[in-house]
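> Next comes the sequence, and after it the predicted model I'd like to discuss.
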Amino acid sequence: MTDYYNFGLRRLKKSRRNSGIPLHFFIPTLPNPAPSNNRSLFPYSPANQSVTVRRPFPLSHGTTTLGFIFQGGVIAAADTRASAGGLVACPEVHKITPIHSHLVVTSSGSGADCMLWERILTREIRLYQLRHRRCLSIRGTAKLLSFMLHPFKGTEVCVALTLCGWDKDAGNTDCTKMSEDLSSTTDDSSSAVCSSQDVTAMAHSASPSSGPKLIYVCSDGARLQGDIFSVGSGSPYAYGVLDRDLRWSLSKEEAISLAREAVFRATHRDAYSGNNVDLFHVTAQGWSQRKREDLKEEYYRDMKRKTNIVEG
Amino acid sequence: MEYLIGIQGPDFVLVAADNVAASSIIQMKHDYDKMFKLSEKILLLCVGEAGDTVQFAEYIQKNVQLYKMRNGYELSPSAAANFTRKNLADYLRSRTPYHVNLLLAGYDDADGPGLYYMDYLSSLAKAPFAAHGYGLRKRFILNLHSFTVRLIDKEGIHDLEKLTAGAK
């Protein structure tokens, strides 16, 4: 029986850094060992001259995604535009993907890479759940993902994921079934009341390792845990909006409208972000998704508000 | 830019590191801890390329802890520094070198305090004071949000108050 595991990893064995992570797919051998940031597409181009226009800083691919933690859980928001250079390849992409009932991941970078790595992560989390009969913690998930991405450091793999999730207490082991889709937009008031009460109760009584978590994992190898992250070409604009208004004590509606506003402002100024906004809210009961909203409507509302201010 | 500073005193070592985790133009975190506790009296400060720092530092950290579990006593700071340097050197000429700059600070009950400077080319120097960071070669550090400062003496590692700009 051919040992695919070792066949594909033959070249990596020597480096001794591959710690036996389950990569059950063939890693293509590189034609020549490419230096880390060199896009060596043309064989005759000088090594230190990039083929494309020199950018002042590395552009992390057209997207605006953000996540933040507040008293009511974790909010994850993203735009829905997939751009390929100057073309809008698809205006309705899903950049936020649920992994299990208490974890969603926002993706940025290369679309194909993100889709693949999300599937790999889902598979590994599910395998862990089946083998150990408990849910892997969010920090453990981030570490697993970071270690799985490590052999590809220096290659063209470009993945920047933000894991937004809720760690449950040790007693609660069930994370497999996807939480029922509470995706209606009209029940905000009632669900806000009960979910915020539950959340505050949980937050106070739970051990420090449980509760909302937000971790950024990047194919460069960065793994950062924090309270607010925004990734993508639109992230400076989103940070501007979030840094001003984000507080721990926001209500669920305020947090959702803040996230929507941040994505809207980013899509307004960033050419590579746009179309719609996806919003996910993760609490101790699981994730819930809001109906996707067209930012065109938001733009018209904003225009109307501005003309009212001018006239009024 | 990331800064590390270490100063060795008569019976202590003082180390400080900035708290910024940046990704190109964005400062993603303002409270990032760059110090890794290898043992009760040894700290490893690590800056450099994004994933390499944590991977390498955690690898060293776990190996030092493993040594203690296997042998019952802890590695001395000098031994830990040489072990770290050896690992850096081994990976230097492989396909996957680690681009990290390190300071290792420790207190040995026999030899006293020690501060070791290592850089990504796996040079090692025991020095009374040392620093990493671009600005330090030319000018004093400016405009940084906050620093984490820790002191190691014969009692162990002490966390001094986190210093922030404008405090006191």
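Noted; the coordinates are in hand. Keep in mind the model is a prediction, meaning the values are calculated, not measured.

> Poorly predicted segments of the chain, please.
As the question left the chain open, I've gone with chain A. Counting by pLDDT under 70, the ranges of chain A that qualify are A:1-61, A:170-208, A:312.

> not quite, I wanted chain B
B:1, B:134-145, B:161-168.

> residue nearest the centroid of it?
B:Leu45 (1.4 Å; CA atoms, centre = their mean).

> Look at that residue and tell me its secondary structure.
Of the three states, B:Leu45 takes strand under DSSP: H, G, I helix; E, B strand; the rest coil.

> List the contacts of it.
Contacts for B:Leu45 (CB atoms under 8 Å, 6 or more residues apart in numbering or on different chains) come out as B:Leu4, B:Gly6, B:Val15, B:Ala17, B:Lys34, B:Met35, B:Phe36, B:Leu102, B:Leu103, B:Leu104, B:Ala105. The way it works is simple: take the backbone N, C-alpha and C, and place the C-beta from them, glycine included.

> Same question for B:Asp31.
B:Asn19, B:Ser146.

> What residues of stretch B:146-161 count as buried?
Within stretch B:146-161, the residues scored as buried using 16 or more other CB atoms under 10 Å in any protein chain shown are B:Ser146, B:Phe147, B:Thr148, B:Val149, B:Arg150, B:Leu151, B:Ile152, B:Asp153, B:Ile157.

> Stretch B:114-130 too?
Here stretch B:114-130 shows B:Gly114, B:Leu115, B:Tyr116, B:Tyr117, B:Met118, B:Asp119, B:Tyr120, B:Ser122, B:Leu124, B:Ala130 as buried, counting by 16+ other CB under 10 Å.

> Name whatever forms a beta bridge with the fourth one.
Each beta-bridge partner of B:Tyr117 is listed here, defined by DSSP bridges: B:Leu103, B:Ala125.

> For chain A, see how far away it is.
For B:Tyr117, the distance to chain A equals 24 Å [CB to the nearest CB, to the nearest Å].

> ok, now the third one?
For B:Tyr116, the distance to chain A (CB to the nearest CB) stands at 24 Å.

> And for the second one?
Distance, B:Leu115 to chain A, using CB to the nearest CB: 27 Å.

> centre of the chain versus the strand or helix carrying that residue, how much separation?
Taking DSSP states H and E as the criterion, the element that holds B:Leu115 is strand B:112-118. Mean-position distance between strand B:112-118 and its chain equals 10 Å (CA atoms, centre = their mean, to the nearest Å).

> A:Ile215 should be in a strand, yeah?
Yes - counting by three-state DSSP, A:Ile215 is part of a strand.

> ok, now which ones touch it?
With CB under 8 Å, 6+ apart, A:Ile215 has these contacts: A:Ile138, A:Arg139, A:Thr141, A:Ala142, A:Thr162, A:Leu163, A:Arg223, A:Leu224, A:Gln225, A:Gly226.

> all helices for chain A, in order.
A:4-8, A:10-13, A:111-132, A:138-149, A:188-205, A:235-245, A:252-269, A:295-311 (DSSP state H).

> Actually, chain B.
Going by DSSP H, chain B shows helices at B:50-71, B:77-92.

> ok, the longest one near chain A or not?
So the one you mean is helix B:50-71. Yes - using CB under 8 Å from any CB of the partner chain, helix B:50-71 reaches chain A at B:Ala50, B:Gly51, B:Asp52, B:Val54, B:Gln55.
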